[in-house]
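Colleague: Build me a model:
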Amino acid sequence: MSPTDRLTTALAAAARHASTPPRPTRADAGRAEVTTADADSADAGTADASAGAGHVVLADREDGTVVRWGAAVAKAHAGDSDRGHLAARIRIAGSEALAGILLPPLDPGFGHLHGRPVSLWPYGVPVDPGRPAAAPWEETARLLARLHRVPVHRLPGPVPPMRGPAKVARALRRMSEALTAPAPADPAARTGDTSGPSPAVPGFAPAPAARAADPAGPGTYAHPEAAGLGQVVAAAADRVARWARGIGAAPPSTTLCHGDLHLGQLVRYPAPTGPWTLIDVDDLGLGDPAWDLARPAAWYAAGLLDPDVWLRFLDAYRAEGGPAAGPPGSDPWPELDLAARALTVQTAALALAKAVREERRLDAEEGLMLDACARIATLPADLPARGAP
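Modeller: As a prediction, this is how the structure comes out:
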């Protein structure tokens, strides 16, 4: 059994154990336990033979492996998670102040499996990616506005900082690591179509370095060309305040933020028809509330999010009293510009790193984010732009 299989089997055992308590409440979150015994029994091959029969792996990444069994979900967080901050975030998720906003844990603490902290949560039905027209953008905006208005003094403290800027720094590191890894020696080993000009970055002209000489022909992602695209992302990062890319402390804040908002962070709970609820506490904390609007703002600015959807999202957030985008009828970009730049850089850096690892060209959506970085690279550093980034 591979290490990944052992982890997911152990998580399934933990989730199965947790699926029997009653629905969690804010006062008593089910008292489900995660112990190293779950992992030991799975590793030894002595777990119940049916332990893997009813589980579903919902996600398997280095920063989070998530397994469902029935009504319970077990999540193995990143091995390098700050244990104290994670414990605080899980306690905060169980606070009465966040009822109806953030999914409560089945247990207010966490255990460990294979050296990674593991938390337990009730299952909720996620957004259906196959029905984009039904995506709950307005409900998301209202949840964010309510989250941003929660009085911090009502939360179990201390409240850690929001981790958004740290994720920008991590994305830039991943891009750098991918670009400095050895390139394939045999051009024939590259995957994808390498003939003709690349459609990956439509209209991409601001940075000649992005089209560095590549003996394999235009449109391929030999490392010299990918390095040029990396220079564009790095130039855009230089137009982002240092704190927003994880260098130095962020400005003081008393606003609770999600830190990693996208449509994958919502579920209907109780399943299957309950109201929409935010999930995932890994980046939760005090910070600039504009960060939680930055990803849809960046997508809108890059041409990935329909303008009507963006305006409905923005109007719903403002109508619910959200503090991050200015009053209704005002230009939101002075408030959102910095965070939108940061999320554009993060998204482009991760996209380029992934393309290099997979030895392929950027797809159309990834190319739009590189285009946005090229535009950001022409803006004044650290200054709010009156208009989309």
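
Colleague: Could you check how many residues crowd around Pro252?
Modeller: Summarising burial for Pro252: neighbours were counted as other CB atoms under 10 Å, giving 8. From N, CA and C alone the C-beta is placed, and that goes for glycine too.

Colleague: Would you confirm that it belongs to a helix?
Modeller: No. Counting by DSSP: H, G, I helix; E, B strand; the rest coil, Pro252 is located in no helix; its state is coil.

Colleague: which ones are touching the residue nearest to the spatial centre of the chain?
Modeller: To find the centre residue of the chain, average its C-alpha atoms and take the closest one (CA atoms, centre = their mean): that gives Asp260, at 4.4 Å. Taking CB atoms under 8 Å, 6 or more residues apart in numbering as the contact definition, Asp260 lies against Arg163, Gly164, Lys167, Asp280, Asp282, Asp283.

Colleague: what about the fourth one, how many residues close to it?
Modeller: By that I understand Asp280. Neighbours of Asp280 (other CB under 10 Å): 23.

Colleague: doesn't Leu266 make contact with it?
Modeller: No. Proximity of Asp280 to Leu266 does not meet the contact threshold set by CB atoms under 8 Å, at 9.5 Å.

Colleague: Glu138: what's it in contact with?
Modeller: Under the criterion of CB under 8 Å, 6+ apart, the neighbours of Glu138 are Arg312, Phe313, Ala316.

Colleague: Assign a three-state SS to the second one, would you?
Modeller: Three-state secondary structure (criterion: three-state DSSP) places Phe313 in helix.

Colleague: ditto for the last one
Modeller: The three-state label for Ala316, taken from three-state DSSP, comes out as helix.

Colleague: ok now do it, which residues does it touch?
Modeller: In this structure, Ala316 makes contact with Trp137, Glu138, Glu139, Ala141, Arg142, Ala145, judged by CB under 8 Å, 6+ apart.

Colleague: Could you check how far the residue nearest to the centre of the chain is from Leu143?
Modeller: When CB to CB, to the nearest Å is the yardstick, Asp260 and Leu143 sit 14 Å from each other.

Colleague: what is in contact with these two at once?
Modeller: In terms of CB under 8 Å, 6+ apart, Asp260 and Leu143 are not both contacted by any residue.

Colleague: and of the contacts of Asp260, the nearest to Arg116?
Modeller: Within the set of the contacts of Asp260, Asp282 lies nearest Arg116; the separation is 12.2 Å, counting by CB to CB.

Colleague: Now the closest one: closest residue in space that isn't a chain neighbour?
Modeller: Of all residues beyond its chain neighbours, the one nearest Asp282 is His77 (6.3 Å), with distances taken as CB to CB, 6 or more residues apart in numbering.

Colleague: do Leu147 as well
Modeller: That would be Ile101: by CB to CB, 6+ apart, it lies 5.3 Å from Leu147.

Colleague: Over to Gly287?
Modeller: Counting by CB to CB, 6+ apart, the nearest residue to Gly287 once its immediate chain neighbours are dropped is Met162, at 3.0 Å.

Colleague: Please report the distance of Asp306 from Leu143.
Modeller: Applying CB to CB, one obtains 20 Å for the distance of Asp306 from Leu143.

Colleague: More neighbours: these two, which one.
Modeller: A direct count of neighbours by other CB under 10 Å for Asp306 and Leu143 places Leu143 higher, at 27 against 14.

Colleague: residue contacts, the more buried one?
Modeller: Counting by CB under 8 Å, 6+ apart, Leu143 makes contact with Ile101, Leu266, Trp276, Thr277, Leu278.

Colleague: Quick check: next helix or strand after the helix or strand hosting Ala236?
Modeller: Taking DSSP states H and E as the definition, Ala236 sits inside helix 223-237. Toward the C-terminal end, the helix or strand that comes next after helix 223-237 (DSSP H and E) is strand 256-257.

Colleague: And the contacts of that following strand?
Modeller: Taking contacts as CB under 8 Å, 6+ apart, the residues outside strand 256-257 that touch it are 92, 147-148, 150, 152, 155, 159, 162, 164, 284-289, 291-292.

Colleague: next structured bit after the lowest-mean-pLDDT helix or strand in the chain?
Modeller: Among the helical and strand segments of the chain, the one scoring lowest on mean pLDDT, DSSP states H and E is helix 36-43, with a mean of 41. Note on helix 36-43: by DSSP H and E, the next helix or strand toward the C-terminus is strand 55-61.
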